[in-house]
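here you go, sequence then predicted model.
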Amino acid sequence: MILPLLASLVISFIPGSQVKAIRNVSLGVSGLSAILSLVAFCTFQVDGGLQFETKWVWVESLGLNFHLGADGINIGIIFMGAVVSFAAVCCADDITYRFKEFYILLNIMIGGVLGAFASMDLFFFYFFHELALVPTFIMIGVWGRGQNRNYAAYKITLYLSLGALLALIGLIGVYVQAGADSFSIPDLIAKVKAQPINESAQQWIFPLLMFGFGILVSLWPFHTWAPLGYGTAPTATAMLHAGVLKKFGLYGLIRVAIPMAPIGAQFWLGILAWLALANLLFCGLVAVRQRDLNLLIGNSSVAHMGFIFLGIASLNIIGLTGAVLVMIAHGLLAALAFGVSGHLYQQNGSLDMSQMGGLLRKMPLAGTALLMAMMAGCGLPGFANFAGEITIFFAAWSAGFKVITVIAAWSALVVGGLYMLRAIRNILHGAQPDVWKKTRDSSPLPTTAFGLLLALLLVFGFAPGLLTKGIELEVKKIVYLVKPEINEAKQLSVVAK
């Protein structure tokens with residue numbers, strides 16, 4: 001987190017004409033961050049609780065601490081975020097003007113993204129998210145593409161500002177109602193566990209957090225900003241926001257909302273399950289009608305958020321575990337899909353699927369990466385998405401959402417398969433139109449990024465236990481906090497044995 005922010009400071013002193021130096025600094029720092037996150041992920045002790053802690057007292061009188069750490073829930077997300085950040089920098093070669101300003105904002109965005117997921121202090125948790133969000137608006141407005149970029153920038157600004165405001169009110173409500181003297185998330189959870197927030201207060205705190213965080217994630221019907229924003233955003237911005245920053249709201253629901261307001265969660269999560277179904281079904285049907293590749297990927301991304309919402313709404317161990325697993329898998333998938341689509345846009349200036357065809361013959365590397373991304377988007381076994389999605393279906397069924405589960409499974413298998421397979425047919429196969437005559441295949445840096453993202457999707461697909469072991473231990477604590485009778489029953493069974 002510190003390295004990207006330092007990189008933005010270093011770049012500010014480099015002359016704007018030194019494009020290669022600016023790009024190399026960003027590549028070096030993001031690559032080093034990815035390597036360090038890999039080391040942290042590989043050395044993480046599954047049963048070791050909170051690790052890699054950094055804690056500095058900032059404002060002692062207010063209980064504000066710069067507190068970073070990683071546990072089973074966020075270690076995989078931080079690793080995914082660092083890898084996607086490196087991939088985004090590799091794919092940022094579509095910027096043709098104001099390089100210096102773009103890379104300063106990009107590094108600030110990366111620092112904010114990693115800081116938000118590593119923060120264990122409520123203030124910095126929110127602050128780093130806003131730090132990453134502001135560059136998003138600017139990058140779409142200045143470096144976005146298409147005639148609707150200004151409209152998209154205003155729309156995404158209004159929607160996400162509203163979501164952030166609602167979430168902020170909810171977070172302030174948690175702090176005040178808990179009577180806390182510290183913004184430390186672990187301390188707040190311990191305090192609420194010992195002395196729960198008043199039930200009536202939970203009934204208004206949780207929906208504020210649910211809809212506030214939900215808008216940031218594109219919860220239906222507050223989702224229309226996402227496909228439009230991603231369709232007009234620069235490639236690196238779309239990869240980072242759709243892949244990583246968008247997961248902040250989901251992470252906030254799991255990390256903050258449910259533990260702080262467990263009674264409110266039990267009431268409102270039933271509503272969230274139906275809204276999750278709307279994400280899956282409605283946005284999937286909208287994706288079927290798209291002719292623009294970015295709009296298809298954008299609507300598909302919104303639809304996939306329905307899986308994660310459904311896993312959270314299940315409020316059981318397998319559901320929350322599956323939700324975090326899909327968060328990581330979708331982050332890698334969204335970055336890959338938007339990275340390839342950005343390369344295609346650079347080649348012909350259009351993403352109209354009706355004007356494409358024969359891509360696999362002309363551009364085998366980019367075409368294969370797109371084919372693999374779309375197969376992963378269909379939930380094909382072998383990719384990390386499948387492991388998470390099938391887990392969520394079992395969780396939703398066991399939680400009593402049987403009708404929702406059946407419709408969601410049909411939506412994923414039939415609707416999702418329909419728009420992904422149609423896109424594969426239109427873009428990768430058939431006759432080659434004239435637009436591909438002068439195109440070139442992916443260059444070394446984007447190819448490295450695509451290969452890295454694909455490799456992780458397959459590794460976590462064939463070995464999801466690398467993620468789920470740590471996730472399960474942490475989400476158990478959340479489920480036992482919301483449903484203490486489960487923990488008591490488990491303890492009694494152990495005693496009986």
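Here it is on my side, so go on.

using the three-state scheme, assign Ala47.
Not quite, residue 47 is Asp, not Ala. coil (DSSP: H, G, I helix; E, B strand; the rest coil).

if you could redo that for Phe66, that was the one I meant.
Of the three states, Phe66 takes strand under three-state DSSP.

hey, where'd the strands end up in this protein?
51-59, 64-70 (DSSP state E).

how near is the spatially closest residue to Lys476 that is not a sequence neighbour to Trp143?
Once flanking residues are discounted, Lys476 sits nearest to Ile317: 5.6 Å by CB to CB, 6 or more residues apart in numbering. Where you see a C-beta, it was placed from the backbone N, CA and C, and this is true even at glycine. Distance of Ile317 to Trp143, computed by CB to CB, to the nearest Å: 43 Å.

more neighbours: these two, which one.
Each of Ile317 and Trp143 has its neighbours counted (other CB atoms under 10 Å); Trp143 has more, 24 against 19.

contact partners for that one?
Taking CB atoms under 8 Å, 6 or more residues apart in numbering, we find Trp143 in contact with 95, 97-98, 102, 234, 237.

ok, now which ones touch Ala7?
Neighbour list for Ala7: 25-26, 29-30, 107 [criterion: CB under 8 Å, 6+ apart].

closest one of those residues to Ala399?
Set against Ala399, the nearest of the contacts of Ala7 by CB to CB is Ser30 (39.2 Å).

so where is this structure shaky, pLDDT-wise?
In the predicted model of the chain, residues 1, 434-439, 441-442, 484-497 satisfy pLDDT under 70.

and the nearest residue to Leu285 once chain neighbours are set aside, how many residues sit next to it?
Spatial nearest neighbour of Leu285, chain neighbours left out: Val415 (6.2 Å); criterion: CB to CB, 6+ apart. Val415 has 21 neighbours, counted by other CB under 10 Å.

surely Val415 meets Gly284?
Yes. Using CB atoms under 8 Å, Val415 is in contact with Gly284, at 3.9 Å.

just to revisit the earlier point, in helices, which of the contacts of Trp143 fall?
For the contacts of Trp143, the ones inside helices are 102, 237, with DSSP state H as the criterion.

between which two of the contacts of Trp143 is the distance greatest?
The distance between the two most remote of those (CB to CB) is 15.2 Å, for Tyr97 and Thr237.

between those two, which is the more surrounded one?
Neighbours were counted for Tyr97 and for Thr237 using other CB under 10 Å; Thr237 has more, 29 against 9.

go through the strands of the chain and pick out the most buried.
Mean neighbour counts were taken over the strands of the chain using mean count of other CB atoms under 10 Å, and the top value, a mean of 21, falls to strand 64-70.

so how far is it off the chain centroid?
Mean-position distance between strand 64-70 and its chain equals 21 Å (CA atoms, centre = their mean, to the nearest Å).

contact partners for the residue nearest to the spatial centre of the chain?
In the chain, the residue lying closest to the centroid (CA atoms, centre = their mean) is Lys247, at 3.1 Å. Counting by CB under 8 Å, 6+ apart, Lys247 touches 77, 117, 217, 327, 330-331.

how much space between it and Pro4?
With CB to CB as the criterion, Lys247 and Pro4 are 18 Å apart.
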